[in-house]
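[1] Coordinates only, no sequence provided:
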């Protein structure tokens, strides 16, 4: 069985400072990892994904994530936070099955609050 | 130009009623999903259809019945609504296939309130 843990319910950061939102995963095979963001009263929006290759993945809105196999982590980062980044962030791991749809298992979400 | 759309956006109804939520995607994807997000924002998959075939069916009461008339549409019908069904329901779509690791695109959600 696959699982994702987001250990922090909320992360607070001042605008202009770097931010990190943590995610660890558990999966039997190769992990396919995703980050999504949810703004209030909206659906989830895809930010970035790790499939294979470089451990540092760049995504939308200046976000990036670092895949660390030994620590089974996929932390989301941004060098300089903006107030508009305030939202709910979900990490997800995928169960890949050839020829069929993938099943995403989501973490419990981390609320990012960026203040002036 | 909405990629994944859902109707209605809000649904308020009495316990015991039957209601439907509709979802349409214009992305040309072959796979669609229903997710439930509870009041604590926990997101859990309910169903998935690939080319109109049910391929994921999580532990969901049989009062919930998905229907996919074609690849672009996935509807969710709920019978005998209960208080615990109150949640936000999200539709999503993606393109499947070996070698494709494609992300899912989500609709705006339908907020269901059962009184």
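    Yep, it's here. All values reported here derive from a predicted model rather than from experimental measurement.

[2] Which pLDDT does the model give residue A:98?
    According to the prediction, residue A:98 has pLDDT 47.

[3] Below-threshold pLDDT in the chain: ranges please.
    Since you didn't name a chain, this refers to chain A. A:95-102 (pLDDT under 70).

[4] oops, chain B please
    Along chain B, segments meeting pLDDT under 70 span B:1, B:97-101.

[5] is the residue nearest the centre of chain A in a bridge, and if so with what?
    In chain A, the residue lying closest to the centroid (Cα atoms, centre = their mean) is residue A:35, at 3.2 Å. With DSSP bridges applied, the residues forming beta bridges to residue A:35 are residue A:48, residue A:91.

[6] Tell me which residues touch it, please.
    By Cβ atoms under 8 Å, 6 or more residues apart in numbering or on different chains, residue A:35 lies in contact with A:23, A:46-49, A:59, A:63, A:65, A:74, A:76, A:89-92. All C-beta spots, glycine's among them, are computed from the backbone N, C-alpha and C.

[7] Return the distance of the spatially most central residue of chain B relative to residue B:60.
    Centre of chain B computed as the mean C-alpha position; nearest residue by Cα atoms, centre = their mean is residue B:34, 2.7 Å away. Relative to residue B:60, residue B:34 is positioned 9 Å away (Cβ to Cβ, to the nearest Å).

[8] Residues that sit against both of these two, list them.
    Taking Cβ under 8 Å, 6+ apart as the criterion, residue B:34 and residue B:60 both touch B:46-47.

[9] how about the residues of chain B near chain A?
    Within chain B, the positions lying close to chain A (Cβ under 8 Å from any Cβ of the partner chain) are B:4, B:31, B:33, B:40-45, B:48-50, B:55-56, B:90, B:92, B:94, B:96-98, B:101, B:103-109.

[10] Buried among the residues you listed? Need that as a selection in PyMOL.
    A single PyMOL command suffices to select whichever of these are buried according to 16 or more other Cβ atoms under 10 Å in any protein chain shown:
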select buried, chain B and resi 4+31+33+43+45+48+49+50+55+56+90+92+94+96+103+104+105+106+107+108+109
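
[11] What segments of the chain are strands?
    The chain I'm using is chain A. A:3-5, A:10-14, A:19-21, A:24-26, A:32-38, A:44-50, A:56-58, A:64-68, A:73-78, A:87-95, A:103-106, A:110-115 (DSSP state E).

[12] should've been chain B
    Remark: strands assigned in chain B by DSSP E are B:4-7, B:10-13, B:19-25, B:31-37, B:43-50, B:53-57, B:64-70, B:73-78, B:87-94, B:105-106, B:110-114.
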